[in-house]
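Colleague: Show me the folded form of this:
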Amino acid sequence: MASAVPIKKGVLQKRSQGKSAIGQLLPNWQSRLFVLTDVALTYYDEAGKEAKDSIPIATIIAVEPVTPAAFLKANVFQVITPASTLYVFCEAADDYDQWILALRKLVAKTQNPELATTHHPGHCDGKRWNCCSDPPSNTRGCKPCFDYSTLQ
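Modeller: Numbering: from 1, shown residues only. The predicted structure is shown next:
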């Protein structure tokens, strides 16, 4: 259960996961209320509603910027877990920087030995990664990840 005191909170946009047939063909961006606590990143359709999803901080293996070319927009970052990648868009560059730093500080505290060493700064369209043209089977990544030891 997440702590009662949010570290950071705000309305951001998340990229649809593409779980439905339509979502795979036409992924879109959905506004969600994001709440970051010391144990989880949780998002909601709106305040006071049940959580849509919650990602335990201990399961996050990387928090990385996404190249603007990936989605044709700046200020997108990704929250990577072994099971999935959540793409998040911030309207303002200051918000973007603050969310990445807050998440990275919490991930650094976990001292997770499974942190990723590489990532893809783009996204995969099912045929190739748009950052390096590698096939989807290359999930390791083409760029080095942030060094979390600099925050400990």
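
Colleague: If I look at Lys19, what pLDDT would I see?
Modeller: Looking at Lys19, its pLDDT reads 55.

Colleague: all strands in this structure, in order from the N-terminus.
Modeller: 8-15, 29-36, 40-44, 51-56, 62-66, 76-80, 85-89, 118-119, 143-144 (DSSP state E).

Colleague: Low-confidence stretches in this protein?
Modeller: Counting by pLDDT under 70, the chain shows low-confidence ranges at 1-4, 18-27.

Colleague: the longest helix in it is where?
Modeller: helix 93-110 (DSSP state H).

Colleague: name the helices or strands packed onto that helix?
Modeller: strand 8-15, strand 29-36, strand 62-66, strand 76-80 (3 or more C-beta pairs under 8 Å, 6 or more residues apart in numbering; DSSP states H and E). In this view, the C-beta of every residue, glycine as well, is placed from N, C-alpha and C.

Colleague: With distance to Ser137 and mean neighbour count added, can I get these in JSON lines?
Modeller: Shown next, in JSON lines, are these (distance: least, C-beta to C-beta, whole Å; neighbours: other C-beta atoms under 10 Å):
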{"stretch": "strand 8-15", "distance to Ser137": "21", "mean neighbour count": "17"}
{"stretch": "strand 29-36", "distance to Ser137": "27", "mean neighbour count": "18"}
{"stretch": "strand 62-66", "distance to Ser137": "19", "mean neighbour count": "22"}
{"stretch": "strand 76-80", "distance to Ser137": "17", "mean neighbour count": "22"}
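
Colleague: Minimum distance to Gln111: which of those has it?
Modeller: strand 62-66 (14.5 Å; C-beta to C-beta).

Colleague: any idea how far Arg104 lies from Pro135?
Modeller: 29 Å (C-beta to C-beta, to the nearest Å).

Colleague: beta partners of the residue positioned nearest the centre of the chain?
Modeller: Centroid-nearest residue in the chain: Val79, 2.3 Å away (criterion: C-alpha atoms, centre = their mean). Note on Val79: beta-bridge partners Val63, Leu86, judged by DSSP bridges.
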